[in-house]
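> 3D model of this:
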Amino acid sequence: MKLAFITGSILIIFSFVPVRAQQADKTEEKTRILFILDCSQSMSGRWGKEKKINIARKFLGRTVDSLGTFSNVEMALRAYGHQSVVPPQDCNDTRLEVPFAPGNGYRIKRKMRDLFPKGTTPIANSLAASVNDFPPCDNCRNVIILITDGIEACDGDPCAVSLELQRKGIILKPFIIGIGLDPEFEKSFECLGTVYNAFTEERFEEVLEIVITHALTETTLQVNLLDAFGNPSETNVPLTFYNRNSRQIKYNFVHTMNHRGNPDTMRIDPLVDYTIKAHTTPPVIFDSLKLAPGKHNIAAIDAPQGSLTVVQQKGYQYRNLKFIVRLTGDYNTLCRQEMYTDKKYLTGRYDLEIPTIPATYINGVTIKQSEVTTVTLPQPGVITFLVNNKGICELFEEREEDIKWIYTIDTSEKSHSLILLPGNYKVIYRPLHSKQSYFTITKKFTIESGKSSSLRIF
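Numbers count the residues shown, from 1 in each chain. Take a look at the predicted model:
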């Protein structure tokens, strides 16, 4: 979609260009702001009592002076439409005039006095080229501020460029500030980011100050993990924050209660729309988080949890056994949990598959808020099979008038021990080298809880 602009208005686009995903504990983080100044021919036109270029110089000059007082802020200046007159149209007329450096506000103001509107307006090309203006930095927040009268004179598509750069994680969602934009036309900027519309010079300055404040002011977030009663009592859950546009991971936190017993405060970049994944079991997704910059934000996620443990009635024959947990009605494995351990799950119903011999299936186990659900298995017994000759030896469980295969007994050794659940069993055996079915042997036996026995197979 091609983005059109209204003649006679001034437009400012703000966006972050992160070098990489920022971590939560970064100290002395530097903010680098690249100003992109429109010096195309249309900027010589009047808006109110002054030329648009003079208004841009005035407000940008004040902003540069203000930002120069911050020790952790660096600035740079790119301009376009100032090198070639129209006609002809030079859509590559964009250049970095003042690179990033500490304390270069005076250089930027002086350079602006030497720039005069005379060329075309390659907004898309300037946005794309500006990405290369930021030197590598491990601890920087990179901000773009584009000041323009809003006329895209070339064939570029600023909206498409912005969206592509956001998908790649190169820039984050921009702010768009326009002066006197028609309300209907304002909607065409929604694909770029958040739109601010100023109808007076005073409002223009106010909005500019707001966006600069958003770029520099710390924003905090409190994530409330709600229990079944709507209280923010759940905690100790890993949280992953994704850039909702690029799907890249931005932050990882472990949810924590502070010393007052309230969910702890996280410091995150406000100029991103996030998707939050709470790594409960199963995980919970908070799909769209929009922050109010410079304020304390609260997000609530339903994450009611209880615990599950599986033990045996007596003894510890199953102490190293791991069982499978699935959501009721879902065949996908949710978790492999070890016996005798407590693990939290979201409240609800679950199916268990426990690799005892024979396998134990327990469906519809209910997990309740803040309760420990305990599943108890009967104490198994132990049987040792004694075999004189190698052979085909299969173990079956007797079930009413039928039998069900459960295990192949290894006859390569003289003895083979198994832990079996209490019940009635049958062994069917035939020597390996026997050529007649007549030599098949069938033996029955019973396993009792906590008892050991042996069975000789000839």
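> following the worst-scoring helix or strand of the chain on mean pLDDT, which helix or strand comes up?
Of all helical and strand segments in the chain, the minimum by mean pLDDT, DSSP states H and E falls on strand 11-16, at a mean of 52. Later in the chain than strand 11-16, the nearest helix or strand by DSSP states H and E is strand 30-38.
> now for that following strand, which elements pack on it?
Under the contact definition 3 or more Cβ pairs under 8 Å, 6 or more residues apart in numbering; DSSP states H and E, strand 30-38 sits against helix 52-67, strand 73-80, helix 123-130, strand 140-148, helix 201-216. The way it works is simple: take the backbone N, C-alpha and C, and place the C-beta from them, glycine included.
> Point out the one among those that comes closest to Thr309.
Thr309 lies closest, by Cβ to Cβ, to one member of the helices and strands packed on strand 30-38: strand 140-148, at 45.8 Å.
> Relative to the whole chain's centre, how far out is that closest one?
Remark: strand 140-148 is offset 25 Å from the chain centroid, using Cα atoms, centre = their mean, to the nearest Å.
> Okay, now the sheet partners of it, with direction.
strand 11-16 (antiparallel), strand 30-38 (parallel) (DSSP bridges).
> what's around Pro87, how many residues?
Neighbours of Pro87 under the rule other Cβ atoms under 10 Å: 7.
> ah, wrong one, I meant Ile428
Ile428: 17 surrounding residues under other Cβ under 10 Å.
> Now stretch 131-147: buried residues?
Neighbour-count burial for stretch 131-147, with 16 or more other Cβ atoms under 10 Å as criterion, is recorded at 131, 133-134, 137, 140-147.
> of all those, which comes closest to Tyr316?
Set against Tyr316, the nearest of the buried residues of stretch 131-147 by Cβ to Cβ is Arg141 (54.7 Å).
> can you tell me which residues contact the nearest residue to that closest one once chain neighbours are set aside?
Distances taken as Cβ to Cβ, 6 or more residues apart in numbering put Thr31 closest to Arg141, at 4.7 Å, once the chain neighbours are dropped. Residues in contact with Thr31, defined by Cβ atoms under 8 Å, 6 or more residues apart in numbering, are 70, 72-74, 140-143, 215-216.
> coming back round to it: just flag the most distant two among the buried residues of stretch 131-147.
Cys137 and Ile147 (23.7 Å).
> Report the secondary structure element holding Val375.
Going by DSSP H and E, Val375 is part of strand 372-377.
> In whichever helix or strand comes after that strand, which residues are buried?
Proceeding N to C from strand 372-377, the next assigned helix or strand is strand 381-387, under DSSP H and E. Within strand 381-387, the residues that count as buried by 16+ other Cβ under 10 Å are 381, 383, 385, 387.
> now do stretch 305-322
By neighbour count on 16+ other Cβ under 10 Å, the buried set for stretch 305-322 is 305-310, 312, 317-318, 321.
> need the helices and strands packed on strand 30-38 in JSON lines with mean pLDDT and distance to Gln369, can you?
Formatted as JSON lines, those follow (pLDDT from 0 to 100; distance: least, Cβ to Cβ, whole Å):
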{"stretch": "helix 52-67", "mean pLDDT": "86", "distance to Gln369": "50"}
{"stretch": "strand 73-80", "mean pLDDT": "94", "distance to Gln369": "48"}
{"stretch": "helix 123-130", "mean pLDDT": "89", "distance to Gln369": "50"}
{"stretch": "strand 140-148", "mean pLDDT": "81", "distance to Gln369": "41"}
{"stretch": "helix 201-216", "mean pLDDT": "77", "distance to Gln369": "39"}
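> Would you tell me which of the ones you listed gets closest to Arg336?
Nearest to Arg336, of these and by Cβ to Cβ, is strand 140-148 at 41.1 Å.
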